[in-house]
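Q: After the sequence you'll find the predicted model.
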Amino acid sequence: MNTRRDFIQKLGLTALSLQLKPAVIWAADLHNDEKNYDGPMLRVALMGLGSYATRVAEAMAYSKKAKVAGLISGTPSKIKTWQNRYKIPDKNCYNYDNFDAIKNNPDIDAVYIITPNGLHHNQAIRVAKAGKHVICEKPMAVNAKEGQEMVDACKQAGVQLLVGYRMHFEPKTLEVIRMRNAGEFGKVLFFQGLSGFEIGDPSQWRLNKKLSGGGSMMDIGIYSVNGARYMVGEEPVWVTAQETKNNPVKFKEGVDETIQFQFGFPGGAVASCLSTYAMNNLDKFFLNGEKGFAEMQPSTGYGPIMGHTHKGELTQPHTIHQAVQMDEMAEIIFNNKKPPIPIDGNEAVKDLKLIDAVYEAVRTGKRVEVRL
Ligand code: NAD
């Protein structure tokens, strides 16, 4: 365990290491039966070397089954720095104009798209056409139509399309889902999801509709959308939503500042959620059933996730989400492993259909029926 930590620190990758606490377990420790893993390594090219790609790359040093093998960036100086850090040869480096040539590169299995949301659709389709598996950040696209086109393109190309739903492997989250499936909460009646932070620089791409696809809903509200589905364990059948905009200069037309939304589920449960770019420290899930409850806060941040149920504190260990996610993605790609909650393109299209419905409900003021 120390060896890995030393290794990371030697590389100067301190940002993530500083967060490590004794309660952290390495990705590899989740796979005790695979300590001496000698199976195939998922060789991943990272596209978009920004802040989340930095976190993913640092976390991947803890992955057993996936590694950074290539780089795609529009900034040559960034490529140089990352090449040195991750020992990536020139032949595995590309820019946004020439990355289709990755088709002829036998050193790369998958491309992980970590660029602004509005670029994912086109980039994913190009990666699929190049015959490489697509890993894409959330939101997978800016609407369900584009999401479906990505699913279709990957299917046609015979490659996998996986989305960075890191919470789908988070131990406390999975424990709540286990308890729900075991009937420990009784009939589920209510979910509350609060997702938000105060966004800074008004010139960033997250506040540019073309690049972001929207506002807080696309970026942070999607955690409550996706969370409502995996916590309740059903697919919503209707959506209502209301928008509040206090700063129309910063949050222009099509860029939502704050949206409250509600989902109705076929079993009678309702969800009430808040998505905002105007409040800090909003990261909370609450699930209520006839016999009990689960409360998690923080519920979707990088961790440690904390929470309790009517039976007591959730004590499952903290993991490095992105390291576990990459190991699990390798298992899905190489061994067709079924994740506990899907992370494929179809799962992402469901979230996008709900976000489309939230925006429609805001626009029309009407309840929108959905079928996922
Ligand atoms: P970022 O701004 O830090 O990085 C974006 C990268 O894309 C930069 O390297 C930038 O140079 C590059 N880029 C390429 N074309 C660009 C263009 N036309 N305009 C602007 N930048 C361009 O953003 P980020 O926080 O790394 O987010 C990237 C993606 O990752 C988003 O889809 C976001 O939703 C997602 N994300 C996911 C999580 C998670 O926990 N799963 C966390 C943060 C971000």
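A: Perfect, I can see it now. As the structure is a prediction and not an experimental result, all values here were calculated from the model.
Q: Now do the buried residues in the helix or strand containing M326.
A: M326 belongs to helix 321-335 when assigned by DSSP states H and E. Counting neighbours by 16 or more other CB atoms under 10 Å, one finds that the buried residues in helix 321-335 are 321-333. Heads up, the C-betas are built off the backbone N, CA and C, glycines and all.
Q: Look up the pLDDT of the nearest residue to A130 once chain neighbours are set aside for me, please.
A: On the basis of CB to CB, 6 or more residues apart in numbering, the spatially nearest residue to A130 that is not a chain neighbour turns out to be K103, at 3.9 Å. According to the predicted model, the pLDDT of K103 comes to 98.
Q: What of the one 10 residues further on?
A: Per-residue confidence for I113 comes out at a pLDDT of 99.
Q: The residue nearest to A130: what secondary structure?
A: K103 carries the three-state label helix when classified by DSSP: H, G, I helix; E, B strand; the rest coil.
Q: give me every residue that touches it.
A: When contacts are counted by CB atoms under 8 Å, 6 or more residues apart in numbering, K103 is found next to 129-132.
Q: could the buried residues of helix 321-335 be laid out in JSON lines, adding pLDDT and distance to T115?
A: As requested, those are arranged in JSON lines below (pLDDT from 0 to 100; distance: CB to CB, whole Å):
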{"residue": "H321", "pLDDT": "98", "distance to T115": "20"}
{"residue": "Q322", "pLDDT": "98", "distance to T115": "17"}
{"residue": "A323", "pLDDT": "98", "distance to T115": "21"}
{"residue": "V324", "pLDDT": "98", "distance to T115": "23"}
{"residue": "Q325", "pLDDT": "98", "distance to T115": "18"}
{"residue": "M326", "pLDDT": "98", "distance to T115": "18"}
{"residue": "D327", "pLDDT": "98", "distance to T115": "23"}
{"residue": "E328", "pLDDT": "98", "distance to T115": "22"}
{"residue": "M329", "pLDDT": "98", "distance to T115": "18"}
{"residue": "A330", "pLDDT": "98", "distance to T115": "22"}
{"residue": "E331", "pLDDT": "97", "distance to T115": "25"}
{"residue": "I332", "pLDDT": "98", "distance to T115": "22"}
{"residue": "I333", "pLDDT": "98", "distance to T115": "21"}
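Q: restrict the contacts of K103 to those near the ligand?
A: Within the set of these, contact with the ligand (CB under 6 Å from any ligand atom) is found for no member.
Q: Which of those sits closest to I222?
A: K132 (25.0 Å; CB to CB).
Q: Whichever residue of the stretch 101-250 of the chain sits closest to the ligand and A348, how far apart?
A: Distances from the stretch 101-250 of the chain to the ligand, computed as CB to the nearest ligand atom, single out E137 as the nearest residue at 3.6 Å. Taken as CB to CB, to the nearest Å, the spacing of E137 relative to A348 amounts to 10 Å.
Q: Could you do H121 as well?
A: For H121, the distance to A348 - CB to CB - is 12 Å.
Q: between those two, which one's more packed in?
A: Legend: neighbour count by other CB atoms under 10 Å for H121 and A348, higher for A348 (29 against 22).
Q: Who are the contact partners of whatever residue of the stretch 1-150 of the chain ends up closest to the ligand?
A: Using CB to the nearest ligand atom, the closest approach of the stretch 1-150 of the chain to the ligand is made by G50 at 1.9 Å. Contact criterion CB under 8 Å, 6+ apart gives 114-115 as the residues in contact with G50.
Q: Torsion angles phi and psi at it?
A: Comment: the main-chain dihedrals of G50 come out as phi -100, psi -150, following degrees, to the nearest 10.
Q: neighbouring strands for the helix or strand hosting I259, and are they parallel or not?
A: Per DSSP H and E, I259 falls inside strand 258-264. When sheet partners are counted by DSSP bridges, strand 258-264 sits next to strand 238-244 (antiparallel), strand 270-276 (antiparallel).
Q: can you tell me the average pLDDT over it?
A: Per-residue scores along strand 258-264 average to 99.
Q: List the contacts of that strand.
A: Contact partners of strand 258-264, identified using CB under 8 Å, 6+ apart, comprise 191, 196, 216-217, 221, 224, 228, 236-246, 270-279, 354, 358, 361-362.
Q: Overlap of the contact sets of E137 and A348?
A: Shared contacts of E137 and A348, defined by CB under 8 Å, 6+ apart, comprise V163.
Q: Need the pLDDT of Q9.
A: 37.
Q: same question, Y230
A: Among the per-residue scores, Y230 shows a pLDDT of 98.
Q: Report the separation between it and D283.
A: Using CB to CB, we find Y230 at a distance of 16 Å from D283.
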